[in-house]
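Novice: got a predicted model here, sequence first, then my questions.
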Amino acid sequence: MKILVIGSGGREHAIVKKVLESPKVTEVFCAPGNAGTAIDAKNVNIGVKEFDKLIEFAQKEAIDLTIVGMENPLVEGIVDAFEEKKLPVFGPRKKAAIIEGSKAFSKDLMKKYNIPSAGYETFNDSKSAIEYLKCSKYPIVLKADGLAAGKGVLICNDFEEAQKGVKLIIEDKQFGSAGDRLVVEEFMTGREVSVLAFCDGSRILPMTSAQDHKRAKDGDQGLNTGGMGTFSPSPFYTKEIDEYCKKYIYQRTMDGMKAEGRDFVGILFVGLMLTAEGPKVLEYNARFGDPEAQVVLPRMKNDLVEVCEACIDGRLDEINLEFEDNASVCVVLASDGYPEQFKTGYPIHGLHRFDNEKDYMVFHGATKLEGDRIVTAGGRVLGVTAKGKDLKEARRNAYEATRWIEFDNKYMRNDIGKAIDETD
Ligand code: AMP
Ligand code: GLY
(Lines give C-alpha, C1' and ligand atoms only; values in the text may rest on other atoms or scores of the structure.)
(Ligands and ions follow the chains in the order given, each with its own letter.)
Protein backbone atom coordinates (compact mmCIF):
# COMPACT_ATOMS: atom_id res chain seq x y z
CA MET A 1 0.00 0.00 0.00
CA LYS A 2 1.01 3.58 -0.60
CA ILE A 3 0.37 5.97 2.27
CA LEU A 4 0.28 9.77 2.35
CA VAL A 5 0.59 11.54 5.72
CA ILE A 6 -0.45 15.20 5.87
CA GLY A 7 1.40 17.56 8.22
CA SER A 8 4.93 18.44 9.21
CA GLY A 9 5.40 18.01 12.95
CA GLY A 10 6.62 15.40 15.39
CA ARG A 11 3.18 13.82 15.34
CA GLU A 12 3.36 13.25 11.60
CA HIS A 13 6.88 11.79 11.91
CA ALA A 14 5.54 9.40 14.58
CA ILE A 15 2.68 8.42 12.22
CA VAL A 16 5.13 7.89 9.36
CA LYS A 17 7.32 5.65 11.51
CA LYS A 18 4.30 3.67 12.71
CA VAL A 19 2.85 3.02 9.26
CA LEU A 20 6.30 1.92 8.07
CA GLU A 21 6.02 -0.97 10.55
CA SER A 22 3.00 -2.30 8.67
CA PRO A 23 3.76 -5.26 6.41
CA LYS A 24 1.07 -3.94 4.04
CA VAL A 25 2.94 -0.72 3.37
CA THR A 26 5.33 -0.33 0.44
CA GLU A 27 5.79 3.42 0.20
CA VAL A 28 5.13 6.40 2.46
CA PHE A 29 4.89 10.09 1.51
CA CYS A 30 4.56 13.09 3.78
CA ALA A 31 3.24 16.52 2.74
CA PRO A 32 4.98 18.82 3.42
CA GLY A 33 6.95 16.90 6.08
CA ASN A 34 10.26 17.77 7.73
CA ALA A 35 13.85 16.46 7.64
CA GLY A 36 12.87 13.35 9.62
CA THR A 37 10.04 12.38 7.30
CA ALA A 38 12.34 13.10 4.33
CA ILE A 39 14.75 10.47 5.68
CA ASP A 40 12.16 7.83 6.62
CA ALA A 41 9.69 8.52 3.80
CA LYS A 42 9.44 10.85 0.80
CA ASN A 43 8.48 14.46 1.29
CA VAL A 44 6.02 16.11 -1.05
CA ASN A 45 6.31 19.85 -1.33
CA ILE A 46 2.61 20.69 -1.02
CA GLY A 47 1.06 22.69 1.82
CA VAL A 48 -1.58 21.16 4.12
CA LYS A 49 -4.27 23.52 2.84
CA GLU A 50 -3.59 23.03 -0.87
CA PHE A 51 -6.36 20.46 -1.22
CA ASP A 52 -6.44 20.44 -5.04
CA LYS A 53 -2.73 19.79 -5.31
CA LEU A 54 -2.84 17.11 -2.61
CA ILE A 55 -5.71 15.39 -4.40
CA GLU A 56 -3.88 15.58 -7.71
CA PHE A 57 -0.82 14.01 -6.06
CA ALA A 58 -2.87 11.25 -4.41
CA GLN A 59 -4.52 10.44 -7.74
CA LYS A 60 -1.28 10.48 -9.71
CA GLU A 61 0.54 8.28 -7.19
CA ALA A 62 -2.51 6.06 -6.61
CA ILE A 63 -2.28 6.58 -2.83
CA ASP A 64 -4.21 3.85 -1.01
CA LEU A 65 -4.67 5.74 2.24
CA THR A 66 -4.17 9.36 3.31
CA ILE A 67 -3.83 10.06 7.03
CA VAL A 68 -4.40 13.65 8.09
CA GLY A 69 -2.32 14.61 11.14
CA MET A 70 -3.17 18.30 11.55
CA GLU A 71 -6.34 19.99 12.71
CA ASN A 72 -6.50 22.96 10.31
CA PRO A 73 -7.05 21.00 7.09
CA LEU A 74 -9.56 18.75 8.89
CA VAL A 75 -11.61 21.68 10.13
CA GLU A 76 -11.51 23.15 6.61
CA GLY A 77 -12.85 19.98 5.01
CA ILE A 78 -9.90 18.06 3.55
CA VAL A 79 -11.62 14.74 4.21
CA ASP A 80 -14.75 15.83 2.33
CA ALA A 81 -12.58 16.96 -0.60
CA PHE A 82 -10.73 13.62 -0.79
CA GLU A 83 -13.95 11.62 -0.40
CA GLU A 84 -15.55 13.54 -3.23
CA LYS A 85 -12.83 12.14 -5.46
CA LYS A 86 -13.25 8.65 -3.96
CA LEU A 87 -9.82 8.77 -2.35
CA PRO A 88 -9.51 6.75 0.89
CA VAL A 89 -8.74 9.14 3.75
CA PHE A 90 -8.55 8.83 7.53
CA GLY A 91 -9.92 11.69 9.61
CA PRO A 92 -13.25 13.35 10.45
CA ARG A 93 -15.26 15.23 7.84
CA LYS A 94 -15.68 18.98 8.24
CA LYS A 95 -19.05 18.51 9.95
CA ALA A 96 -17.44 16.33 12.62
CA ALA A 97 -14.10 18.15 12.95
CA ILE A 98 -16.07 21.10 14.30
CA ILE A 99 -15.78 19.31 17.65
CA GLU A 100 -12.26 20.80 17.72
CA GLY A 101 -12.92 23.75 15.41
CA SER A 102 -15.45 25.42 17.69
CA LYS A 103 -15.25 25.31 21.48
CA ALA A 104 -18.77 26.75 21.67
CA PHE A 105 -20.02 23.82 19.56
CA SER A 106 -18.25 21.28 21.78
CA LYS A 107 -19.57 22.88 24.97
CA ASP A 108 -23.14 22.87 23.60
CA LEU A 109 -22.71 19.22 22.60
CA MET A 110 -21.56 18.27 26.08
CA LYS A 111 -24.43 20.13 27.67
CA LYS A 112 -27.03 18.61 25.36
CA TYR A 113 -25.80 15.04 25.81
CA ASN A 114 -25.02 15.29 29.51
CA ILE A 115 -21.27 14.79 29.19
CA PRO A 116 -19.43 15.93 32.34
CA SER A 117 -17.58 19.22 31.76
CA ALA A 118 -17.15 22.68 33.31
CA GLY A 119 -20.06 25.15 33.35
CA TYR A 120 -19.82 27.87 30.66
CA GLU A 121 -21.35 30.80 28.81
CA THR A 122 -20.73 31.91 25.22
CA PHE A 123 -20.41 35.56 24.12
CA ASN A 124 -20.21 37.34 20.77
CA ASP A 125 -19.37 40.79 22.10
CA SER A 126 -17.08 42.12 24.79
CA LYS A 127 -19.71 44.24 26.57
CA SER A 128 -21.92 41.35 27.60
CA ALA A 129 -18.87 39.20 28.41
CA ILE A 130 -17.55 41.88 30.77
CA GLU A 131 -20.96 42.32 32.41
CA TYR A 132 -21.01 38.58 33.10
CA LEU A 133 -17.42 38.56 34.36
CA LYS A 134 -18.19 41.31 36.90
CA CYS A 135 -20.05 38.88 39.11
CA SER A 136 -18.18 35.65 38.29
CA LYS A 137 -16.20 33.40 40.58
CA TYR A 138 -12.41 33.48 40.11
CA PRO A 139 -10.18 32.07 38.74
CA ILE A 140 -12.10 31.76 35.51
CA VAL A 141 -11.15 30.52 32.04
CA LEU A 142 -11.52 32.44 28.75
CA LYS A 143 -11.33 30.50 25.50
CA ALA A 144 -11.26 31.77 21.94
CA ASP A 145 -13.91 29.73 20.11
CA GLY A 146 -11.82 28.69 17.08
CA LEU A 147 -8.44 27.11 16.38
CA ALA A 148 -5.52 28.87 18.06
CA ALA A 149 -2.73 26.27 18.02
CA GLY A 150 -3.38 25.39 21.67
CA LYS A 151 -2.77 28.98 22.74
CA GLY A 152 -6.27 30.48 22.83
CA VAL A 153 -6.98 29.73 26.50
CA LEU A 154 -6.49 32.32 29.25
CA ILE A 155 -6.80 31.58 32.94
CA CYS A 156 -7.74 34.78 34.76
CA ASN A 157 -7.32 35.23 38.50
CA ASP A 158 -9.48 38.32 38.92
CA PHE A 159 -11.87 40.64 37.10
CA GLU A 160 -9.07 42.92 35.96
CA GLU A 161 -7.25 40.07 34.21
CA ALA A 162 -10.50 38.83 32.71
CA GLN A 163 -11.27 42.27 31.33
CA LYS A 164 -7.85 42.38 29.66
CA GLY A 165 -8.39 38.86 28.33
CA VAL A 166 -11.73 39.77 26.75
CA LYS A 167 -10.12 42.77 25.06
CA LEU A 168 -7.23 40.63 23.81
CA ILE A 169 -9.50 37.95 22.33
CA ILE A 170 -12.54 39.87 21.03
CA GLU A 171 -11.24 43.37 20.32
CA ASP A 172 -7.51 43.04 19.60
CA LYS A 173 -8.12 39.73 17.81
CA GLN A 174 -4.93 38.23 19.22
CA PHE A 175 -6.08 34.83 17.92
CA GLY A 176 -7.60 36.17 14.71
CA SER A 177 -11.11 35.10 13.78
CA ALA A 178 -10.84 32.30 16.36
CA GLY A 179 -11.81 35.05 18.78
CA ASP A 180 -15.04 36.07 17.04
CA ARG A 181 -16.78 34.17 19.79
CA LEU A 182 -15.68 33.70 23.37
CA VAL A 183 -16.36 30.84 25.76
CA VAL A 184 -16.13 31.66 29.45
CA GLU A 185 -15.67 28.52 31.47
CA GLU A 186 -15.63 27.57 35.11
CA PHE A 187 -12.10 26.82 36.40
CA MET A 188 -11.47 23.20 37.28
CA THR A 189 -8.68 21.70 39.37
CA GLY A 190 -7.18 18.23 39.21
CA ARG A 191 -4.82 16.10 37.17
CA GLU A 192 -4.95 16.41 33.39
CA VAL A 193 -5.00 13.31 31.21
CA SER A 194 -5.22 12.93 27.45
CA VAL A 195 -6.99 9.94 25.98
CA LEU A 196 -6.85 9.42 22.22
CA ALA A 197 -9.38 7.09 20.67
CA PHE A 198 -10.05 5.48 17.30
CA CYS A 199 -13.60 6.13 16.08
CA ASP A 200 -15.61 4.57 13.26
CA GLY A 201 -18.68 6.79 13.35
CA SER A 202 -20.50 4.64 15.92
CA ARG A 203 -17.86 2.92 18.00
CA ILE A 204 -15.00 4.40 19.97
CA LEU A 205 -11.88 2.51 21.00
CA PRO A 206 -9.65 4.41 23.45
CA MET A 207 -5.89 3.97 23.36
CA THR A 208 -3.63 4.00 26.40
CA SER A 209 -3.61 7.27 28.36
CA ALA A 210 -0.99 10.03 28.20
CA GLN A 211 -0.23 13.31 29.89
CA ASP A 212 1.06 16.46 28.26
CA HIS A 213 3.00 19.36 29.81
CA LYS A 214 1.62 22.43 28.09
CA ARG A 215 3.50 25.24 29.82
CA ALA A 216 6.88 26.36 28.50
CA LYS A 217 8.79 26.26 31.79
CA ASP A 218 9.52 23.84 34.62
CA GLY A 219 6.94 23.61 37.37
CA ASP A 220 4.17 24.42 34.87
CA GLN A 221 5.25 28.04 34.67
CA GLY A 222 5.43 30.26 31.60
CA LEU A 223 3.22 30.46 28.55
CA ASN A 224 1.04 27.73 27.08
CA THR A 225 2.69 25.91 24.19
CA GLY A 226 1.65 23.13 21.83
CA GLY A 227 3.16 20.72 24.40
CA MET A 228 6.69 20.41 25.86
CA GLY A 229 6.65 16.71 26.63
CA THR A 230 4.44 13.76 27.43
CA PHE A 231 4.38 10.47 29.26
CA SER A 232 2.26 7.36 28.87
CA PRO A 233 0.42 5.77 30.58
CA SER A 234 -0.86 8.18 33.24
CA PRO A 235 -0.80 6.42 36.64
CA PHE A 236 -3.73 8.60 37.65
CA TYR A 237 -5.97 7.22 34.91
CA THR A 238 -7.14 4.11 36.76
CA LYS A 239 -9.33 1.25 35.53
CA GLU A 240 -12.30 2.73 37.39
CA ILE A 241 -11.80 6.11 35.78
CA ASP A 242 -11.49 4.43 32.39
CA GLU A 243 -14.79 2.58 32.94
CA TYR A 244 -16.49 5.82 33.97
CA CYS A 245 -15.16 7.71 30.95
CA LYS A 246 -16.17 4.97 28.53
CA LYS A 247 -19.73 5.12 29.81
CA TYR A 248 -20.32 8.79 30.51
CA ILE A 249 -17.88 10.53 28.18
CA TYR A 250 -16.56 8.58 25.18
CA GLN A 251 -19.66 6.72 24.03
CA ARG A 252 -21.95 9.66 24.82
CA THR A 253 -19.75 11.86 22.64
CA MET A 254 -19.97 9.40 19.75
CA ASP A 255 -23.73 8.99 20.17
CA GLY A 256 -24.21 12.74 20.46
CA MET A 257 -22.24 13.42 17.29
CA LYS A 258 -24.22 10.73 15.47
CA ALA A 259 -27.53 12.15 16.68
CA GLU A 260 -26.44 15.55 15.33
CA GLY A 261 -25.72 13.99 11.93
CA ARG A 262 -22.00 14.47 12.47
CA ASP A 263 -20.73 10.89 12.70
CA PHE A 264 -17.14 11.07 13.87
CA VAL A 265 -14.58 8.94 12.03
CA GLY A 266 -10.91 9.36 12.90
CA ILE A 267 -9.03 10.11 16.09
CA LEU A 268 -10.93 11.76 18.91
CA PHE A 269 -8.58 13.26 21.46
CA VAL A 270 -10.31 13.81 24.78
CA GLY A 271 -8.54 16.16 27.19
CA LEU A 272 -9.75 15.29 30.68
CA MET A 273 -9.47 16.91 34.07
CA LEU A 274 -9.69 14.38 36.90
CA THR A 275 -11.58 16.54 39.40
CA ALA A 276 -12.71 15.65 42.91
CA GLU A 277 -16.20 15.23 41.42
CA GLY A 278 -14.95 12.83 38.77
CA PRO A 279 -13.45 13.14 35.29
CA LYS A 280 -14.63 16.10 33.20
CA VAL A 281 -13.86 17.06 29.60
CA LEU A 282 -11.46 19.99 29.17
CA GLU A 283 -11.43 19.88 25.39
CA TYR A 284 -11.82 17.70 22.34
CA ASN A 285 -9.39 17.51 19.45
CA ALA A 286 -10.11 15.81 16.15
CA ARG A 287 -6.67 14.25 15.57
CA PHE A 288 -3.65 12.73 17.30
CA GLY A 289 -2.00 14.94 19.90
CA ASP A 290 1.46 16.35 19.41
CA PRO A 291 3.47 15.20 21.40
CA GLU A 292 0.95 12.62 22.71
CA ALA A 293 1.34 10.60 19.48
CA GLN A 294 5.08 10.35 20.19
CA VAL A 295 4.47 8.37 23.40
CA VAL A 296 1.29 6.48 22.52
CA LEU A 297 2.08 5.17 19.02
CA PRO A 298 5.46 3.61 19.97
CA ARG A 299 3.63 1.52 22.61
CA MET A 300 0.86 0.37 20.25
CA LYS A 301 1.17 -3.22 19.08
CA ASN A 302 -1.46 -3.02 16.34
CA ASP A 303 -0.89 -2.25 12.69
CA LEU A 304 -1.95 1.42 12.46
CA VAL A 305 -3.00 1.07 8.82
CA GLU A 306 -5.31 -1.82 9.67
CA VAL A 307 -6.96 0.14 12.48
CA CYS A 308 -7.42 3.24 10.28
CA GLU A 309 -9.02 1.10 7.57
CA ALA A 310 -11.36 -0.48 10.14
CA CYS A 311 -12.45 3.01 11.24
CA ILE A 312 -13.14 4.11 7.66
CA ASP A 313 -15.10 0.92 6.92
CA GLY A 314 -17.11 1.14 10.16
CA ARG A 315 -15.85 -2.17 11.53
CA LEU A 316 -13.91 -1.15 14.61
CA ASP A 317 -15.60 -4.06 16.42
CA GLU A 318 -13.10 -6.31 14.62
CA ILE A 319 -10.13 -4.59 16.26
CA ASN A 320 -8.59 -5.49 19.58
CA LEU A 321 -6.24 -2.67 20.52
CA GLU A 322 -3.11 -3.76 22.33
CA PHE A 323 -0.39 -1.74 24.01
CA GLU A 324 2.96 -2.81 25.40
CA ASP A 325 3.03 -3.28 29.16
CA ASN A 326 5.69 -0.60 29.66
CA ALA A 327 5.94 3.17 29.70
CA SER A 328 7.25 5.93 27.48
CA VAL A 329 8.33 9.52 27.97
CA CYS A 330 8.84 12.17 25.29
CA VAL A 331 10.89 15.30 26.00
CA VAL A 332 10.55 18.08 23.44
CA LEU A 333 13.78 19.83 22.45
CA ALA A 334 12.70 23.33 21.52
CA SER A 335 14.32 26.53 20.32
CA ASP A 336 14.96 28.77 23.32
CA GLY A 337 12.34 31.50 23.32
CA TYR A 338 9.46 29.32 22.07
CA PRO A 339 6.49 30.00 22.05
CA GLU A 340 7.53 33.62 21.53
CA GLN A 341 10.58 34.79 19.55
CA PHE A 342 13.45 32.45 18.79
CA LYS A 343 16.19 31.95 16.23
CA THR A 344 16.46 28.98 13.90
CA GLY A 345 18.76 27.61 11.22
CA TYR A 346 21.21 25.93 13.63
CA PRO A 347 22.73 22.57 12.64
CA ILE A 348 21.58 19.59 14.73
CA HIS A 349 24.19 17.07 15.86
CA GLY A 350 23.88 13.59 17.31
CA LEU A 351 20.81 12.28 15.48
CA HIS A 352 22.74 9.19 14.33
CA ARG A 353 22.92 8.03 17.97
CA PHE A 354 19.32 6.86 17.63
CA ASP A 355 20.00 4.61 14.63
CA ASN A 356 19.30 0.96 15.44
CA GLU A 357 17.99 1.79 18.92
CA LYS A 358 14.73 0.06 19.71
CA ASP A 359 13.72 1.83 22.90
CA TYR A 360 15.03 5.29 22.05
CA MET A 361 13.48 7.34 19.28
CA VAL A 362 13.83 10.83 17.93
CA PHE A 363 10.87 12.41 16.14
CA HIS A 364 11.50 15.48 14.06
CA GLY A 365 9.19 18.47 14.58
CA ALA A 366 10.57 21.68 13.13
CA THR A 367 13.64 20.56 11.18
CA LYS A 368 14.69 20.93 7.60
CA LEU A 369 17.41 19.72 5.28
CA GLU A 370 19.90 22.33 4.17
CA GLY A 371 22.21 20.62 1.71
CA ASP A 372 23.28 17.55 3.64
CA ARG A 373 22.82 19.20 7.04
CA ILE A 374 19.75 19.02 9.25
CA VAL A 375 18.96 22.37 10.84
CA THR A 376 16.41 23.77 13.30
CA ALA A 377 13.41 25.33 11.58
CA GLY A 378 10.88 26.28 14.26
CA GLY A 379 9.83 26.13 17.91
CA ARG A 380 9.42 22.48 18.75
CA VAL A 381 12.46 21.03 16.99
CA LEU A 382 12.62 17.38 18.10
CA GLY A 383 10.82 14.96 20.38
CA VAL A 384 13.09 12.50 22.16
CA THR A 385 11.11 9.46 23.27
CA ALA A 386 12.33 6.56 25.34
CA LYS A 387 10.64 3.48 26.70
CA GLY A 388 11.26 1.81 30.04
CA LYS A 389 9.74 -0.92 32.18
CA ASP A 390 7.98 1.80 34.14
CA LEU A 391 7.62 5.57 33.95
CA LYS A 392 10.63 6.24 36.15
CA GLU A 393 12.89 4.21 33.91
CA ALA A 394 11.40 5.68 30.74
CA ARG A 395 11.95 9.16 32.12
CA ARG A 396 15.56 8.44 33.03
CA ASN A 397 16.17 6.99 29.58
CA ALA A 398 14.50 9.90 27.78
CA TYR A 399 16.58 12.49 29.63
CA GLU A 400 19.74 10.49 28.98
CA ALA A 401 18.93 10.50 25.25
CA THR A 402 18.29 14.27 25.22
CA ARG A 403 22.04 14.61 25.90
CA TRP A 404 22.86 12.85 22.63
CA ILE A 405 21.50 15.81 20.68
CA GLU A 406 23.19 19.16 20.38
CA PHE A 407 22.14 22.36 18.66
CA ASP A 408 22.51 26.04 19.47
CA ASN A 409 19.56 27.47 21.40
CA LYS A 410 18.46 24.00 22.58
CA TYR A 411 15.84 24.30 25.32
CA MET A 412 13.84 21.69 27.18
CA ARG A 413 11.87 21.30 30.36
CA ASN A 414 13.62 19.23 33.00
CA ASP A 415 10.53 17.96 34.77
CA ILE A 416 8.61 16.03 32.10
CA GLY A 417 6.92 13.18 33.93
CA LYS A 418 8.13 14.40 37.28
CA ALA A 419 4.65 14.40 38.81
CA ILE A 420 4.71 10.64 38.50
CA ASP A 421 7.41 10.41 41.16
CA GLU A 422 4.94 11.75 43.69
CA THR A 423 3.09 8.45 43.58
CA ASP A 424 6.17 6.39 44.56
P1 AMP B 1 -7.51 23.50 26.09
O2 AMP B 1 -6.81 23.98 24.84
O3 AMP B 1 -8.96 23.76 26.14
O4 AMP B 1 -7.11 22.11 26.51
O5 AMP B 1 -6.84 24.37 27.25
C6 AMP B 1 -5.44 24.44 27.41
C7 AMP B 1 -5.09 24.26 28.87
O8 AMP B 1 -5.76 25.23 29.67
C9 AMP B 1 -5.57 22.91 29.41
O10 AMP B 1 -4.66 21.89 29.16
C11 AMP B 1 -5.69 23.25 30.89
O12 AMP B 1 -4.43 23.19 31.51
C13 AMP B 1 -6.16 24.67 30.89
N14 AMP B 1 -7.63 24.71 30.99
C15 AMP B 1 -8.53 24.72 30.00
N16 AMP B 1 -9.79 24.76 30.46
C17 AMP B 1 -9.69 24.78 31.80
C18 AMP B 1 -10.64 24.80 32.86
N19 AMP B 1 -11.94 24.85 32.64
N20 AMP B 1 -10.16 24.78 34.13
C21 AMP B 1 -8.85 24.76 34.39
N22 AMP B 1 -7.90 24.74 33.43
C23 AMP B 1 -8.30 24.75 32.15
N1 GLY C 1 -0.50 18.37 22.89
C2 GLY C 1 -1.77 18.91 22.76
C3 GLY C 1 -2.33 18.90 21.41
O4 GLY C 1 -1.86 18.21 20.52
O5 GLY C 1 -3.32 19.58 21.20
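Specialist: Perfect, thanks for sending it. Residues are numbered from 1 along each chain as shown. Ligands and ions are numbered 1, 2, ... in the order given.
Novice: alpha carbons only for contacts and neighbour counts from here, please
Specialist: OK.
Novice: what about the host helix or strand of Cys330, near ligand 2?
Specialist: Counting by DSSP states H and E, the element that carries Cys330 is strand 327-335. No: on the criterion C-alpha under 6 Å from any ligand atom, strand 327-335 is out of touch with ligand 2, staying 11.1 Å away.
Novice: adjacent strands (with direction) for that strand?
Specialist: strand 229-232 (antiparallel), strand 380-388 (antiparallel), strand 410-411 (antiparallel) (DSSP bridges).
Novice: out of the ones you listed, which one sits most buried?
Specialist: Sort the strands paired with strand 327-335 by mean neighbour count, taking mean count of other C-alpha atoms under 10 Å, and strand 229-232 sits at the top with a mean of 30.
Novice: can you list contacts of that strand?
Specialist: With C-alpha atoms under 8 Å, 6 or more residues apart in numbering as the test, strand 229-232 has contacts from 208-214, 291-292, 295-296, 327-332, 383, 391, 413, 416-417.
Novice: out of those residues, which touch ligand 1?
Specialist: Okay, of those, nothing touches ligand 1 (C-alpha under 6 Å from any ligand atom).
Novice: same question for the helix or strand containing His13, mean pLDDT?
Specialist: Using DSSP H and E, His13 sits within helix 10-20. Predicted confidence along helix 10-20 averages 98 (mean pLDDT).
Novice: same check on stretch 118-131?
Specialist: In this model, stretch 118-131 has a mean pLDDT of 93.
Novice: what is the end-to-end distance of that stretch?
Specialist: 20 Å (C-alpha to C-alpha, to the nearest Å).
Novice: what distance do you get for Tyr411 to Arg353?
Specialist: Distance from Tyr411 to Arg353, counting by C-alpha to C-alpha: 19 Å.
Novice: now do the buried residues in the strand holding Cys330.
Specialist: Ala327, Ser328, Val329, Cys330, Val331, Val332, Leu333, Ala334, Ser335 (16 or more other C-alpha atoms under 10 Å).
Novice: who is the third one paired with across the strands?
Specialist: So that's Val329. Using DSSP bridges, the bridge partners assigned to Val329 are Phe231, Ala386.
Novice: next up, the contacts around it.
Specialist: If a contact means C-alpha under 8 Å, 6+ apart, then Val329 has 229-232, 295, 385-387, 391, 394-395, 398, 416-417 as its contacts.
Novice: can you get me a residue count around Lys111?
Specialist: As a burial measure, Lys111 scores 15 neighbours (other C-alpha atoms under 10 Å).
Novice: please apply the same query to Gly261.
Specialist: Gly261: 11 neighbours (other C-alpha under 10 Å).
Novice: how near is whatever residue of the stretch 1-150 of the chain ends up closest to ligand 1 to ligand 2?
Specialist: With C-alpha to the nearest ligand atom, the shortest gap between the stretch 1-150 of the chain and ligand 1 falls at Gly150, namely 4.9 Å. Going from Gly150 to ligand 2 by C-alpha to the nearest ligand atom, to the nearest Å gives 6 Å.
Novice: so what's that residue closest to, chain neighbours aside?
Specialist: Spatial nearest neighbour of Gly150, excluding adjacent residues (C-alpha to C-alpha, 6 or more residues apart in numbering): Gly226 at 5.5 Å.
Novice: fine, thanks again, bye for now.
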